[in-house]
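[1] from the sequence below, what's the structure:
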Amino acid sequence: MDNILIINSERDERVFIRATSGHFITANAHIDFYVGTSDIKHNHDVSVRTAKLLAEYYQMRGIRIDTVLCLYETQTLGAYLAHELSKPNMFNPNPSTDIFVLGPEYDVSGNMIFRDNLIRMIKDKRVLILMSCITSGRTVERAMDSVAYYGGRVAGISAAFSAADNIGGIEVNRIFSEKDLPSYKVYDKHNCPLCQQGIPVDALANGYGYSRLRR
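    Numbering: from 1, shown residues only. Have a look, this model is predicted:
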């Protein structure tokens, strides 16, 4: 499981992901590669460069963003992204400089909630949902539901890597896709060919990383 493949972006070679092959279980699916985005989330230079690449999508389309909703430790990346979106450009010479950056809180059932002092940052706002890696898209769907519950509107979905190109009718703005990792597969957790072949699970994975079940 230590076979790590480093994949660089064609748009900026200093932006990269680390793909580790194996049998991984997420909350919603089984996957045969874990896509590591730690540098994108925690390395200043890589994070800044990633934010610039993600921001181009909204700048070129003139999509206004009021709030960046950051899932799974993407607040730093979200702050850099908000900074880029607030810069004037030829498509939007007078962008809003008042962009909120926040992460959700979860209740015991895993539902995203926002305290009373934060609701104003969601209600009636154009919200961008930010993740570092999207597999099945179900986490994003739950986030979209939560934004709607609190009176906001999802105006964009961004991720460093995404196996989904569209979620809930919204195109996913991504730097890396399955085209960059052709052997990447997402399986239904109840119909996983790896399990059917008797291949042991290597690790449990989520947006924070993975935890090995065997060495």
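[2] all the helices of this protein, residue numbers only.
    Ranges of helices in the chain, per DSSP state H, are 38-42, 44-61, 75-85, 138-149, 193-196.
[3] which of the ones you listed sits closest to residue 30?
    Among the helices of the chain, helix 193-196 comes nearest to residue 30, with 6.2 Å by C-beta to C-beta. All C-beta spots, glycine's among them, are computed from the backbone N, C-alpha and C.
[4] centre of the chain to the closest one, how far?
    Mean-position distance between helix 193-196 and its chain equals 27 Å (C-alpha atoms, centre = their mean, to the nearest Å).
[5] what's the answer for stretch 103-118, then?
    With C-alpha atoms, centre = their mean, you get 18 Å for stretch 103-118.
[6] same question for stretch 30-46.
    Chain-centre distance of stretch 30-46: 10 Å, with C-alpha atoms, centre = their mean.
[7] stretch 98-105 too?
    Computed by C-alpha atoms, centre = their mean, the chain-centroid distance of stretch 98-105 equals 15 Å.
[8] can you give me the end-to-end span of that stretch?
    Using C-alpha to C-alpha, to the nearest Å, the end-to-end distance of stretch 98-105 comes to 22 Å.
[9] isn't residue 209 right up against residue 38?
    Yes - using C-beta atoms under 8 Å, residue 209 is in contact with residue 38, at 7.4 Å.
[10] pLDDT below threshold where in this protein?
    Low-confidence segments of the chain, defined by pLDDT under 70, are located at 1-2, 214-215.
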